[in-house]
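Asks: build me a model from this:
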Amino acid sequence: MPCLMVLLALCVPRVVIVLLWLFTHWFSGIFHIALWPVLGFIFLPTTLLWYTAVHHWFHGQWTLIPIIGIVIALLIDLSPASGRRRAYVR
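Replies: Got it, this is the predicted structure:
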């Protein structure tokens, strides 16, 4: 089941965010202001998921693996291919 969620997170991160928010306590206690998760949902959904994963799996410690992961998540969110991918979906 976790592998399926990882694949879904890479394909449709906003759906995974909504599912995690509805059915788990994944986002509780991480953000003090509700504006940050909303902005992350709109602009950088993969980065938002990785940021929360670091707080859950690595206990918020930003070592080498979490930093590499956040860079990859930012590259996925900011890549020009993500805009083209949405344009071809019908």
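
Asks: list the contacts for Val54?
Replies: Counting by CB atoms under 8 Å, 6 or more residues apart in numbering, Val54 makes contact with Gly60, Gln61, Trp62, Pro66, Gly69, Ile70. (Each C-beta comes from the backbone N, C-alpha and C, glycine too.)

Asks: His25: which of these is nearest?
Replies: Of all the contacts of Val54, His25 sits closest to Gly60, with 15.9 Å by CB to CB.

Asks: and the helices in the chain?
Replies: Assigned by DSSP state H, the helices in the chain fall at 2-11, 13-23, 35-43, 45-57, 64-78, 80-88.

Asks: buried sites along the fifth one?
Replies: By 16 or more other CB atoms under 10 Å, the buried positions in helix 64-78 come out as Pro66, Gly69, Ile70, Ala73, Ile76, Asp77.

Asks: could you check the angle it makes with helix 2-11?
Replies: 40 degrees (axes from the mean of the first three to the mean of the last three CA atoms, to 10 degrees).

Asks: low-confidence regions, the chain specifically.
Replies: For the chain, the stretches with pLDDT under 70 are 1-2, 81-90.

Asks: so for the protein, the centremost residue is which one?
Replies: Residue closest to the mean C-alpha point of the chain, counted by CA atoms, centre = their mean, is Leu49 at 2.1 Å.

Asks: so who does that one touch?
Replies: Leu49 neighbours (CB under 8 Å, 6+ apart): Ala9, Pro13, Val16, Ile17, Ala73.
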